[in-house]
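>>> Here is a sequence together with a model predicted from it:
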Amino acid sequence: MELTVGPNQFFWSADRWSSFYDDLAKAPVERVSLGELVCSKRLPFYDDRIPEAISTLVEAGKQVALTSLALVTLKRERKLTAELVEMGVEIEINDLTAISYLPEGAQFSVGPLVNVYNEGTLDWLKRRGAIRVCLPPELPLESVQALAAKGADLGLVIEAWGHGRLPLAISGRCYHARRHGRTKDNCQFACEEDLDGLDVRTQEDKPFLTMNGVQTLSDSYACAVHQIDILRDAGVSALRLSPQSNGFMELCAIYRRVLDGTVTPEQSVNDIIALDSNTRLSDGFLTGARGVDWSGASA
Amino acid sequence: MTQPALSIPQLPPLAARALRRLPLTPLSFSLTAYARRIAKHHPGLFRRLGEFDHTRFVIDPTDLPFVIEMQPNGGQPKIKVVRGSGQGEARIAGPLAGLLGLVHGAYDGDALFFSRDLVIEGDTSAALALRNAIDDAELDLSAEVAQISGPLAAPLQKALSFIENRTGVSLSRQDELEVW
Amino acid sequence: MEIVCPAGTPAALRAAVKAGAHTIYCGFADETNARNFPGLNFDREEMREGIAFAHQHGSKVLIAINTFPRAGSEAIWHRAVSDAESCGADAVILADIGLLDYAARNHPGLRRHLSVQAAAANADVVNFYASEFGVKRVVLPRVLSVPEIAAINADTEVETEVFVFGGLCVMAEGRCSLSSYATGRSPNMNGVCSPASHVEYHDEGGVLDAKLGGYTIHRVGKEESAPYPTLCKGCFTAGGKEGHLFEDPVSLNAEKLIPQLDKAGVTALKIEGRQRSRSYVAQVVKNFRAAVDALDAGLPMPEGMLARLSEGGAMTTGAYKKTWR
């Protein structure tokens, strides 16, 4: 099984961003998808660093893809997305808008924010040029199994969400700006201070969600270590790890050890918690009654 | 009835006190007969309840000194009028006029709920299913009563005309376009 | 402009037709539509009769098959499309790529609209849906401002339909799994959001807690209106600040924007609310029909008739005004 690193979902400074991908070149992962997924306003702060990061990763032997924005509404965003397909790098589409700019027959991969729920959708994507699909994290295990089987028939690489805060929603409204009493157009980059997003707690002070500009994520970090064998047996050939600000390279190493069978899933959970004792884990979308549920021992 | 949802007529306390002496067993029997008659005329109502067609509902007219336990019982409804809070999986409570207005399409359930004129407890899905099923059935309680005859009709007609007189609540189906 | 009205039951469909709806949208009583609520929607026979009734009165009926078919069970959704055609529907409203492809290939004569659940938010993707799947109309997501809607219409031949009244999604529709994260049931997979089956209310001395999946989403005092615990309209705390971080418990009312939406090239105005009563539907339809009739006759808009039909009374024009963001 391969390890893929998804695009960083948060707003990091250009220096932090660059050094993250420099480090990643040495991490035990096969593939990296990068670029701006969440908010087009963040991109000018680091877009000049992207070509260098790509070449560093390619030189280190990684496959690289560039992500499209998750929600394309403005003229500027349409232009950005159209330009993306001219960069000469594989595109990971995370909004169907990006496909409309690809020439018929051009190959692309599909990210977790495209609604791929069934065989018919996989079939159409394959006909349109998809070579690889990372399934939406909301899917239950039965759907992942059915889609992995269909993917095998079609010759598509199927990837599943392995680890990280779950991207639950995308909006036209910026919640970080709203929280600071500003509008999106005058956001003053309120999301920059929260390297892993801002905790959203309920009235009984339970941690629940994470605010990240126009995106809403889970509080919990999805963690598929307990399902790795089932996913592998189903034909899923890659697991996606989503960037976090702390201990991410070690996290990659932990997952590599589980995949290699050198540590048990239980031991790896302990290792993951040891990176940050405050981390809450979930795997409920795959096997639980609800997304937030966790099949492991409660902390 | 042209009142907005915010001013639902309440049964005056004096009238409610008068109802305290109402013998409940005959009323339960006649309401059951009445409900079975409605069931016969509106089988779709029970089909629409789906998985909730055996749920025990408590209808609690908050301005009356009793509650109504209602079991759809798969199309053979049973109704029991009891004092106290009653037993069931889902409770719908509100002024009698509001509850009747819901049945007759004079009020919107969501609007009554948001304004807290209507309170739902227990199985919210079941309460929702009942609300939707009744809204679709286009019931007219007066017309149904008028068609009942025999010994069971008397207590029911007496109770309904009492309520109608004391509250000014119409017990007939409203035209959707005229009610607000 | 065309008024597109909700009907959760045959009675509501008849009420909407009588109130002057040009078009009604509804769904089958199963997981194929995004208002799969207890006691709502149409079986096949009811659908056939409802469509016949609407057609007799000169109204059209659209059938929403706008959830995302479950892997391994696509046949349920395929059957819904086929039955929609045989029931005489004027169009189907679809969101899923696979289902659009299926309908385009197997039911080419059945008109296809793109559901808001596909969240097609720019002209390029709208045109793409038209060229790939023959989509004739797009229901635009509620994340766009009026100028953005005008920009889309300037760049496409596809008809656009926009929401003007009722519940308001804050997130891009069809791109939100908050509900399944907290309850296991979602709009995309099950046709429900913040489902009633996972709602609990606790009233303690007049203080009412509205919970969803065990999380307290709202807490209100005795005199305040009771909120439904819709996740994105809950009260939360972030960074020491408490409030409705995503959206206030408001509903959409764009009646005042009808002339601007008309100028922006919008074909149809959509009213949300298949879960509402037949009397609510009749009332909203009547008011909006009067408004578009006034517009067509060059008369001023009638105003402010709908406030008390909303959730808790509070209204917003949502993303149509850019400052909402």
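On my side now, so go ahead.

>>> Just give me the neighbour total for the nearest residue to A:Asp293 once chain neighbours are set aside.
Nearest non-adjacent residue to A:Asp293, counting by Cβ to Cβ, 6 or more residues apart in numbering or on different chains: A:Gly284, 3.1 Å away. Glycine gets a C-beta too; all of them are placed from N, C-alpha and C. Neighbour count of A:Gly284, defined by other Cβ atoms under 10 Å in any protein chain shown: 22.

>>> same deal with A:Leu57?
21.

>>> Contacts for the host helix or strand of it next, please.
Assigned by DSSP states H and E, A:Leu57 falls within helix A:50-59. With Cβ atoms under 8 Å, 6 or more residues apart in numbering or on different chains as the test, helix A:50-59 has contacts from A:17-18, A:21-22, A:24-25, A:32, A:34-35, A:64, A:66, A:89.

>>> can you check stretch C:201-220 too?
Contacts of stretch C:201-220 (Cβ under 8 Å, 6+ apart): A:202-204, A:206, A:208, A:290, A:292, B:116, B:119-121, B:124, C:182-183, C:194, C:198-200, C:221-222, C:224, C:226-231, C:233-235, C:249.

>>> got the contact list for C:Ala7?
By Cβ under 8 Å, 6+ apart, C:Ala7 lies in contact with C:13, C:15-16, C:24-26, C:50, C:274, C:281.

>>> Same question for C:Arg105.
Counting by Cβ under 8 Å, 6+ apart, C:Arg105 has no contacts.

>>> related to what we said a few turns ago, what sits against the residue nearest to A:Asp293?
A:Gly284 neighbours (Cβ under 8 Å, 6+ apart): A:290-295, C:181, C:184.

>>> confidence score at it?
Looking at A:Gly284, its pLDDT reads 98.

>>> For it, grab phi and psi.
Dihedral pair for A:Gly284: phi -70, psi -30, per degrees, to the nearest 10.

>>> got it, and C:Glu45?
According to degrees, to the nearest 10, C:Glu45 has phi -70, psi -50.

>>> related to what we said a few turns ago, so which of the contacts of A:Gly284 is the closest to chain B?
Closest approach to chain B among those (Cβ to the nearest Cβ): C:Gly184, at 14.1 Å.

>>> And the residue of chain B closest to chain C?
For chain B, Cβ to the nearest Cβ, closest residue to chain C: B:Asn132, 3.1 Å.

>>> How many residues are close by that residue?
28.

>>> got the contact list for it?
B:Asn132 makes contacts with B:48, C:8-9, C:37-40, C:275, as judged by Cβ under 8 Å, 6+ apart.

>>> Switch those residues over to JSON lines; also include secondary structure, pLDDT and neighbour count.
Shown next, in JSON lines, are those (DSSP: H, G, I helix; E, B strand; the rest coil; pLDDT from 0 to 100; neighbours: other Cβ atoms under 10 Å in any protein chain shown):
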{"residue": "B:Arg48", "secondary structure": "helix", "pLDDT": "94", "neighbour count": "27"}
{"residue": "C:Gly8", "secondary structure": "coil", "pLDDT": "96", "neighbour count": "26"}
{"residue": "C:Thr9", "secondary structure": "coil", "pLDDT": "96", "neighbour count": "30"}
{"residue": "C:Phe37", "secondary structure": "coil", "pLDDT": "88", "neighbour count": "20"}
{"residue": "C:Pro38", "secondary structure": "coil", "pLDDT": "89", "neighbour count": "27"}
{"residue": "C:Gly39", "secondary structure": "coil", "pLDDT": "92", "neighbour count": "26"}
{"residue": "C:Leu40", "secondary structure": "coil", "pLDDT": "93", "neighbour count": "26"}
{"residue": "C:Gln275", "secondary structure": "coil", "pLDDT": "89", "neighbour count": "24"}
